[in-house]
Every structure is written in C-alpha cells, then in structure tokens.
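> got a predicted structure plus its sequence, pasted below:
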Amino acid sequence: MQRRLITTEATDTLSYSAFIILEESEVKNLATFALSVSDSIAHEDTPRTITELAMSQFSAEIRRSPGWWKCCPESNIKNAWFDSAVDRTWRVKTPSSHAEVKLSARQYKIDYILDELQGYAALRDEKHQCQVSCFERVWESESVLDEEISLALRQSLDKIKALLQQNEDNITTDIIDHQRYPLVYNRTLVSHLNGRNYRSIPPPPSTDIYTVSPTFALLPSDVFVSADCSSVEFLSYINNLDPTRHSGTYVLLQKLLAGFMPLFEHTLTDLHRNNPLVQRIPGSCRYTVWEEPEPPDHSDDDEGWVNYEREMRQWALNRPINLPDVPSTGYPGGLENRRHTVTLRNRVVQVIAFLGMWKECGDNITNTSIQFRMAVTYPKGFSAGDAGATLRTWGIRDGDSCHQYIGEVPVRPGLGLVFPNIYQHRQTSFELRDPSKQGHMTVIRFFLVDPEIRPIVSTSVVAPQQKDWIHKALDDNLDNRLPNEVIEKILNNVEGLMDESEADSYKKELLEARKRFTRASNSYHFCIPFDIWNGPEVVP
C-alpha cells in the first residue's frame, strides 16, 4: 500500500459543529456549509497579544493532564508546573510566521495561569465529564460514548459502508452524505397545511448574498431533547440514512447525540452576549521616549537618505515600548461566572448528521491535531507605520491577514469536541506510519443549527427525495405479480424524486457554492489585510 500524505485546508463552518472519534485514530478537516443559516458569521474578536496566546498554550497543556482539576490546589504539583514553564519558549503561530515567547520574563504570568486553573476547574462539568478545551468557547470530552455503544455503532456503520463505494479520492467513504439530496429551491417539494399539500418553495427573501444560497439548503433533522438532557429522539429522518433499513443505527446515533448535548449547551452559553469573556491581557502597547534618527541635512544626499531609511527601519523595529501585561495583582478570579445559561433541555432542535470514513487511517497513522484560528479586528493604540509595535505586541505585520491562531487539540481516542462557527478549523497533515499496513478511522459529525433563530426547513416537512428509497417501499408493499415496468412508470410520475445521478449533480453544484463562500469568507472576513498606516485609533 502506498504511503499517502493527507493534507487539509482551513475552512469555515456556518453552524455549531461537533465530532467524535470512534477509533484510535485521527480526523480529517471538518467543515459544514449550512447554506440557509447566516448567524454569527461576522464575529470578530479583539486581537490577543502573543504573550496571551502563549499563556493559552501553557494552560491548555496542563488541562490535558489526567486529573489536573484535582491536582491544581496542591502546592507541590503547582511548583512542578511552574518549574516546567520557567525558561521555556512557546512557539506562537502568527499570520505570516511564528513568534517565540517566554513567560518567565515576569514570573507572575506563570502564576496567573496556575491560579486561573481554579476557575477552569470550577467551570468543568463533572457530571458530563467535559471541560473547556484549547481556547474559550471550545469544549471537549473523552466520555461522550462508552465502549459498548461505540462498538455497536461501529459494527452498524461497517454494514452500511460495505454497500457503498469510495469517493473519488480513493481514501474516504461518505456513509451519511449530508450534501446529497439537499433542499433545492423551486424543485424540492415541501409540506404545507400539515401534509395535505406539497409544493416547491422559492429561496428565502434576503439581501444577504454572502452566506445565504439562492439555490440550496442542507436539510437538518428535528430532534427532541429530554428534560434532563440524558436522551434525544429524532422526530424526522436523517437525510440520506434510510430509517426503515437502518432503524438500529438511528437508535445508536440518538445515544451518541445525547452525549453531545451538554457540550453544545456549554459552547452556546459561552457565546451568549450576556457572557462576555475577559482577556487576560487587555490594552495596547505604550511608547517610551527614544529619539528617532535625524534625516540628512541636504535633499540631494542620496547616500545619506539611504542610510537614514535603513536606520529608521531598525528604529521602528527596536523602539522601546512597554508591552501590555497581566495585572500585577495576578489572576482576579471569576473565570467561571456566567450571567446567562443556555439550555437545550425539553426543546426541539435541528441537527445535520454527517459521517465519513477513512479507509487508509487508524492507529497506523502519525500524530495530528485540530487547529483553530479566529478573525480579529485591527489592533489599536500604535503609531501609524510602526511595524515593530504591532509585531512585538500581537504578532501582526503590515499586510498580514487579520486573524490569529488560537490553539490546537491533539486528536486522541474517544475525543468529542464542540466549537462554534466564529472559528475556522483544520486538520494537520498525517500519513500511515507503516505503508505496508492498512488503517481506518470513523468520524461522526453533528452540526447544530442555531437554536435561537427561526427553525429552517427540515426533513419534517420534506418527504424523502431518494428515488431508490421509494422504489424499495413499492417493492415491499405492492403485489409481487406487478411488473417492474409498471413500478418504474409509477415512479417516473412521482414529483419531487431524484435519482443518484441527479443527486450527484446537485452535490457538485453545492460544493462549488461552498468553495465560493470559503473564498469570499477569507477575502471579506478572515483574511482582510492589515494596513499599518490606516488602522483605527492609531497614535499620532
């Protein structure tokens, strides 16, 4: 078997996303494009200093240790963590390069992180065994699914996979392909008057051509969440998973989705407007007095001007500045405080299910991680053109894209992860450790439609469009003596059905729409170039 390097690109999500690893293996790039949902896409955060990003790495590393929340009050363990950070250099990825940061220049940065662990421990949900992951608003758990259900689900999916063909890449198999048989405006039949009338619908009236497709929408399923959040029930079919043939798989997916509900609730709570998250290091850099180089006395002194411009570049990069820092009084407390708690309990929510399986991955693959980045606003409080100030404070150069890399999560067995659409994410590249052996991986993703918006068209009001499903239903229920030609004629006169070639054609169009959106999202949101001369609130 040939060794294959799997690479992924940063992409966008337009819904809350979750995934779980069922094998001791890693994940491909995760992305969904809920073409009918546009909430939260324009969110931008204030940029973090590179020091704070290094502090985030240190904190996340500790919180990946087994039982860290029990150990953080113990002084001997805190001292060991402190010693591990002294003189250590953190490598912080920036939009165009990397920055090396030490936290030991002033030791209270390290003390701040160690004291802050008490807040993360208080925020941890012990009942559901979940906690904040590598960065704010990202939650993780290693207890979403127990081994017995995991094995049963894997066996159920293997049976479905055996009936399918691989994708064109000859690596992946989409078992539940959420991009086939989507809602196609002016074609897909939608129920009206409680099912007494089915007719196609036009695209929703919207001036938002950026995030709302005039052609397609993915079809979520309606899901009821129990009052104690311990169970869920699909109220409508999962698009592209036949409920009559795979009823057992539905039961197992319900158990899995129930495990994700607490994670969804925590992420939604952290996103709520009444729960602003405080930065560790707010503010901007402050300038100290240092005279700049003198220009040449004569305008025709070419050599003098060349030297002056070189000296000015060096001066700008090395001009003394006071970088913003954590409070000298240390961690102020209150990390765990929330003014508003979002709950999904005893509610109907909408979920899109998608499952893909890699054939050449498994425990026979190299290490990999899920990386995140966020769009940020222009930095503030620096002199126009001062590249040294913005680079040393936030790691952003003139012309850099306005985003920051906020952390990564090493993928490990049983990991469940939930994150919002305000972050972009990607999978780091990986390959087979031993190219002579096979490997495999199973990934299940649930995309939660924002529960605060008006419900969108779901499978509750769209009858299955899969022509082969209807064909099988007719075969099972009509007289066996009925000629197949008659059944085909009946099917050809049923409106609203798609055969596989039509579904594949629509999927290609939908994928092209996703690519256009990704380019637009990068151009107008995540990758806006930073103009160091015309930024807002620059210091004269």
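It's in.

> tell me which element G259 falls in.
Using DSSP states H and E, G259 sits within helix 247-271.

> how far does that helix sit from the chain's center?
Averaging C-alpha positions (C-alpha atoms, centre = their mean, to the nearest Å) puts helix 247-271 16 Å from its chain's average.

> with stretch 260-279 instead?
Distance, centroid of stretch 260-279 to centroid of chain: 14 Å (C-alpha atoms, centre = their mean).

> ok, now stretch 394-414?
Counting by C-alpha atoms, centre = their mean, stretch 394-414 comes out at 12 Å from the chain centroid.

> now stretch 490-507
33 Å.

> coming back round to it: which secondary structure elements does whatever helix or strand comes next after the helix holding G259 contact?
Going down the chain from helix 247-271, the next helix or strand is strand 286-287, by DSSP H and E. Applying 3 or more C-beta pairs under 8 Å, 6 or more residues apart in numbering; DSSP states H and E, one finds that strand 286-287 contacts strand 321-322. Yep, even glycine has a C-beta here, placed from its N, CA and C like the rest.

> end-to-end on stretch 230-244?
25 Å (C-alpha to C-alpha, to the nearest Å).

> for burial, what's the neighbour tally of T329?
8 (other C-beta atoms under 10 Å).

> nope, S460 is what I meant
Neighbour tally, S460, other C-beta under 10 Å: 16.

> tell me which helix or strand of this structure sits lowest on mean pLDDT?
strand 16-21 (a mean of 51; mean pLDDT, DSSP states H and E).

> which SSE is immediately downstream of it?
helix 50-62.

> now do that following helix: which elements does it pack against?
By 3+ C-beta pairs under 8 Å, 6+ apart, helix 50-62 packs against strand 89-93, strand 98-102, helix 108-123, helix 387-394, strand 403-410.

> alpha carbons of it, as PDB, please.
Below are the C-alpha coordinates for helix 50-62, written out as PDB (Å, rounded to 0.1, in the frame of the first residue of the first chain):
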ATOM      1  CA  ILE A  50       1.300  36.900  21.500                       C
ATOM      2  CA  THR A  51       2.100  36.600  25.200                       C
ATOM      3  CA  GLU A  52      -1.600  35.800  26.000                       C
ATOM      4  CA  LEU A  53      -1.600  33.200  23.200                       C
ATOM      5  CA  ALA A  54       1.500  31.600  24.700                       C
ATOM      6  CA  MET A  55      -0.300  31.600  28.100                       C
ATOM      7  CA  SER A  56      -3.300  29.800  26.400                       C
ATOM      8  CA  GLN A  57      -0.900  27.100  25.200                       C
ATOM      9  CA  PHE A  58       0.500  26.600  28.700                       C
ATOM     10  CA  SER A  59      -2.900  26.400  30.300                       C
ATOM     11  CA  ALA A  60      -4.300  24.000  27.700                       C
ATOM     12  CA  GLU A  61      -1.300  21.800  28.000                       C
ATOM     13  CA  ILE A  62      -1.900  21.500  31.800                       C
END
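
> what's the angle between that helix and strand 403-410?
For helix 50-62 against strand 403-410, the angle between stretch directions is 10 degrees (axes from the mean of the first three to the mean of the last three C-alpha atoms, to 10 degrees).

> mean confidence score for whatever helix or strand comes next after helix 50-62?
Using DSSP H and E, the helix or strand that follows helix 50-62 in sequence is helix 68-71. Mean per-residue pLDDT for helix 68-71: 95.
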